[in-house]
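In: no FASTA, just this:
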């Protein structure tokens, strides 16, 4: 259960983001830019639908973690996508703990002056019938790739780990975690 202080903090950030959206809408409408208003409204609706899809998975601990991620990590920006309706209630603690461990590992190897991009896709497993998989991708420059790779490969809960070089010393790390 969330502490009251944490809930207030979550609501404060959420309210701040909503007020920013409303201010943008007001600004666009006052300038007569109705096309921008419509684009922004579509974006807001898409965001609300994403949260509704996340809510349908019945993973409240993980959902709060995902929704509040960008408020808690200064140099990581995360986006998530839900492509399943599976009930994952019995996996909530496992998923949350795994995501926490992975982000702590990547944070320990990151440069606080760099912005890292994180993408999480929750979808039907392509490997196990009836299972759900989380595919987590992080791109950026990391200080000790060999340590990072060793930790990831030794993580017994990860189904698959792939480190791909991008440009200018950056890599993209993609990991798959299966709920079965």
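Out: That came through, no problem. Just so you know, these numbers come straight off a predicted model, no measurement behind them.
In: can I assume residue 123 sits in a helix?
Out: No: under DSSP: H, G, I helix; E, B strand; the rest coil, residue 123 falls outside any helix and is assigned strand.
In: which residues does it contact?
Out: 81, 82, 83, 84, 132, 133, 135 (CB atoms under 8 Å, 6 or more residues apart in numbering). Where you see a C-beta, it was placed from the backbone N, CA and C, and this is true even at glycine.
In: List only those of those residues flagged as buried.
Out: 82, 84, 132, 133, 135 (16 or more other CB atoms under 10 Å).
In: quick one, longest helix in this structure?
Out: Longest helix of the chain, by residue count under DSSP state H: helix 4-30.
In: Pass me the low-pLDDT residue ranges in this protein, would you?
Out: For the chain, applying pLDDT under 70 flags the ranges 1-2.
In: again, only using 90
Out: 1-14, 17, 71-72, 125-130, 143-151, 153-160, 165-169, 179-180 (pLDDT under 90).
In: Give the residue farthest from the middle of it.
Out: Computed with CA atoms, centre = their mean, the residue of the chain farthest from its C-alpha average is residue 32, at 34.6 Å.
In: Tell me where this protein has strands.
Out: Along the chain, counting by DSSP state E, strands occupy 76-83, 116-124, 132-140, 158-165, 171-179.
In: any idea how far residue 91 lies from residue 99?
Out: According to CB to CB, to the nearest Å, residue 91 and residue 99 sit 11 Å apart.
In: Quick check: phi and psi at residue 85.
Out: phi -110, psi 10 (degrees, to the nearest 10).
In: Contact partners for residue 63?
Out: 51, 54, 55, 57 are the contacts of residue 63 under CB under 8 Å, 6+ apart.
In: What's the separation between it and residue 3?
Out: For residue 63, the distance to residue 3 - CB to CB - is 17 Å.
In: cool, residue 121 as well?
Out: 30 Å.
In: Compare the two (neighbour count), which wins?
Out: residue 121 (16 against 8; other CB atoms under 10 Å).
In: show me what contacts residue 65?
Out: 96, 99, 100 are the contacts of residue 65 under CB under 8 Å, 6+ apart.
In: tally of neighbours for the residue lying closest to residue 105 once chain neighbours are set aside?
Out: Nearest residue to residue 105, sequence neighbours excluded (CB to CB, 6 or more residues apart in numbering): residue 151, at 5.6 Å. Residues lying near residue 151 (other CB under 10 Å) number 17.
In: ok, now residue 98?
Out: 20.
In: what do you get for residue 160?
Out: Counted with other CB under 10 Å, residue 160 comes out at 12.
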